[in-house]
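> This is the structure alone, sequence omitted:
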């Protein structure tokens with residue numbers, strides 16, 4: 001009799017102490033659980049071994065990336081239901097050890113071990129980054145982390161991001177956007193340009209320039225000269241071709257360069273869009289000070305950055321296991337207040353903060369649609385594991401933005417001169433167009 005799903009459901013519920021909100025479908029074709037809920041598809045016994053040897057988020061992620069686990073039904077609904085059992089419970093080793101003192105928990109673990117087969121821990125999927133010892137956020141480790149994330153192949157990013165090739169949240173015109181992703185990304189780039197007050201003949205430094213979208217828009221629409229820096233060779237090659245195709249080689253220079261090595265200031269403005277998440281807490285003040293030195297007095301910085309909710313004990317903050325291992329190695333999120341404080345400590349005057357959290361949720365859902373629409377092509381280009389990483393990462397992130405577990409903010413700051421003349425208009429947000 002095929003009963004693996006029933007046994008899995010009972011053992012998981014015994015282990016977790018709560019009913020499973022999703023169905024379970026096992027490798028033997030059996031099913032158990034709420035009939036109308038999405039199904040957690042356990043394709044083989046190896047999935048159970050992964051969860052036993054690495055309980056919590058990372059074990060689930062490894063099983064998902066390897067194809068040992070899947071979802072049948074609405075992915076967002078399934079992730080929302082599962083998140084309360086995994087992400088909100090945490091993976092503290094002391095808590096796990098305490099749980100194993102419970103006879104019911106030990107009994108469930110023994111049952112899962114028997115069901116999983118030979119107790120050998122499966123090797124992590126090849127998409128998981130291999131860790132090296134040493135300090136975080138050195139030039140070498142940052143370059144390695146950026147390469148892991150961005151040097152996947154420009155064609156893969158074209159599938160996900162669409163023609164705009166902008167890898168940060170778009171700026172939508174309505175709560176339920178019915179416009180195109182490309183128009184919303186164009187509106188975001190134009191918003192950044194207006195906040196920076198770009199004018200013909202000025203110099204702009206675009207830190208973390210990606211595939212050149214901001215540089216091209218600013219040079220073409222506002223007549224500025226742009227230096228874009230990235231640590232990704234593939235991004236730089238793509239951006240340089242775009243610049244050449246647009247006939248803007250006399251106005252745009254794309255460099256493979258660490259922002260800490262830029263020395264040809266002063267610039268009139270700096271844009272940093274979705275890059276500061278890679279800087280790290282211990283380096284953030286240095287980042288802000290470096291950018292301040294590169295600006296002329298009165299120059300503006302637009303810092304577009306994802307933020308997390310503050311914790312009562314900030315020392316307890318840890319990197320997200322799945323994202324650190326598969327998506328953004330060494331990436332760190334800071335609360336908005338921390339970012340503003342560090343910019344001010346560096347010498348900036350913070351003049352405007354705009355939260356665009358909901359905009360990122362809309363954007364991520366559009367990216368998931370793009371990926372799913374060309375799934376087989378994405379798999380051929382990047383491999384099934386990488387494609388599965390991105391589908392999970394983007395869908396889970398969309399939920400996190402929707403539920404206010406993370407946010408994204410544009411912080412406009414000025415290197416205000418000693419005279420106190422910031423150069424900004426008396427009425428705030430005159431850059432917003434009706």
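That came in fine, so what should we check first? Note that the coordinates shown come from a computational prediction; the quantities given were computed from them, not determined experimentally.
> Would you map the helices across the stretch 301-434 of the chain?
Remark: helices of the stretch 301-434 of the chain, listed N- to C-terminal, are 321-322, 336-346, 357-373, 375-382, 384-402; assignment by DSSP state H, counting those that start in this stretch.
> for the ones you listed, which one sits closest to residue 80?
Between residue 80 and those, the tightest spacing by Cβ to Cβ is seen for helix 384-402, at 5.8 Å. For every residue, glycine as well, the C-beta is placed using N, CA and C.
> Distance from the chain centre to the closest one, please.
What separates the centre of helix 384-402 from the centre of its chain is 9 Å, taken as Cα atoms, centre = their mean, to the nearest Å.
> quick revisit: and the helices of the stretch 301-434 of the chain as JSON lines, adding mean neighbour count, mean pLDDT and distance to residue 263?
Conversion of these to JSON lines gives the following (neighbours: other Cβ atoms under 10 Å; pLDDT from 0 to 100; distance: least, Cβ to Cβ, whole Å):
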{"stretch": "helix 321-322", "mean neighbour count": "20", "mean pLDDT": "86", "distance to residue 263": "37"}
{"stretch": "helix 336-346", "mean neighbour count": "17", "mean pLDDT": "98", "distance to residue 263": "18"}
{"stretch": "helix 357-373", "mean neighbour count": "20", "mean pLDDT": "97", "distance to residue 263": "33"}
{"stretch": "helix 375-382", "mean neighbour count": "16", "mean pLDDT": "96", "distance to residue 263": "36"}
{"stretch": "helix 384-402", "mean neighbour count": "21", "mean pLDDT": "96", "distance to residue 263": "35"}
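> Now tabulate those helices in JSON lines and tack on distance to residue 67.
Output for the helices of the stretch 301-434 of the chain, formatted as JSON lines (distance: least, Cβ to Cβ, whole Å):
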{"stretch": "helix 321-322", "distance to residue 67": "16"}
{"stretch": "helix 336-346", "distance to residue 67": "38"}
{"stretch": "helix 357-373", "distance to residue 67": "16"}
{"stretch": "helix 375-382", "distance to residue 67": "11"}
{"stretch": "helix 384-402", "distance to residue 67": "6"}
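> right, and the ones you listed - which one's nearest residue 288?
helix 336-346 (3.5 Å).
> what helices or strands is the closest one leaning on?
The elements that helix 336-346 packs onto, with contact taken as 3 or more Cβ pairs under 8 Å, 6 or more residues apart in numbering; DSSP states H and E, are helix 284-294, strand 295-308, strand 349-355, strand 406-414.
> Quick check: residue 301 touching residue 346?
No - the criterion here is Cβ atoms under 8 Å, and residue 301 misses it with residue 346 at 9.8 Å.
> check contacts around residue 347.
Each residue near residue 347 by Cβ atoms under 8 Å, 6 or more residues apart in numbering is listed here: 289, 292, 415.
> do the same with residue 229
Applying Cβ under 8 Å, 6+ apart as the definition, the contact partners of residue 229 turn out to be 205, 206, 207, 208, 209, 254, 255, 256, 257, 258, 259, 262.
> Let's see that with 6 Å instead.
When contacts are counted by Cβ atoms under 6 Å, 6 or more residues apart in numbering, residue 229 touches 255, 257, 259.
> can you list these in TSV and add neighbour count, distance to residue 12 and secondary structure?
Listed next are those as TSV, based on neighbours: other Cβ atoms under 10 Å; distance: Cβ to Cβ, whole Å; DSSP: H, G, I helix; E, B strand; the rest coil:
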residue	neighbour count	distance to residue 12	secondary structure
255	16	51	strand
257	16	49	coil
259	21	46	helix
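> Next one, pLDDT for residue 2 please.
According to the predicted model, the pLDDT of residue 2 comes to 77.
> My read is that it contacts residue 27, right?
No - using Cβ atoms under 6 Å, residue 2 is not in contact with residue 27; the gap is 9.3 Å.
> among the helices and strands packed on helix 336-346, which is nearest residue 6?
Among those, strand 406-414 sits nearest to residue 6 (Cβ to Cβ), with 36.8 Å.
> the inter-axis angle of that closest one versus helix 384-402?
Strand 406-414 runs at 70 degrees relative to helix 384-402, counting by axes from the mean of the first three to the mean of the last three Cα atoms, to 10 degrees.
> now for strand 406-414, which elements pack on it?
With contacts defined as 3 or more Cβ pairs under 6 Å, 6 or more residues apart in numbering; DSSP states H and E, the secondary structure elements packing on strand 406-414 are strand 295-308, strand 349-355, helix 357-373.
> and if we set it to 7 Å?
Under the contact definition 3 or more Cβ pairs under 7 Å, 6 or more residues apart in numbering; DSSP states H and E, strand 406-414 sits against strand 295-308, helix 336-346, strand 349-355, helix 357-373.
> measure residue 206 to residue 192 for me?
As defined by Cβ to Cβ, to the nearest Å, residue 206 lies at a distance of 10 Å from residue 192.
> my bad, should have said residue 184
As defined by Cβ to Cβ, residue 184 lies at a distance of 13 Å from residue 192.
> Show me which of these two is the more surrounded one.
Shown here are residue 184 and residue 192; by other Cβ atoms under 10 Å, residue 192 has more neighbours (26 against 21).
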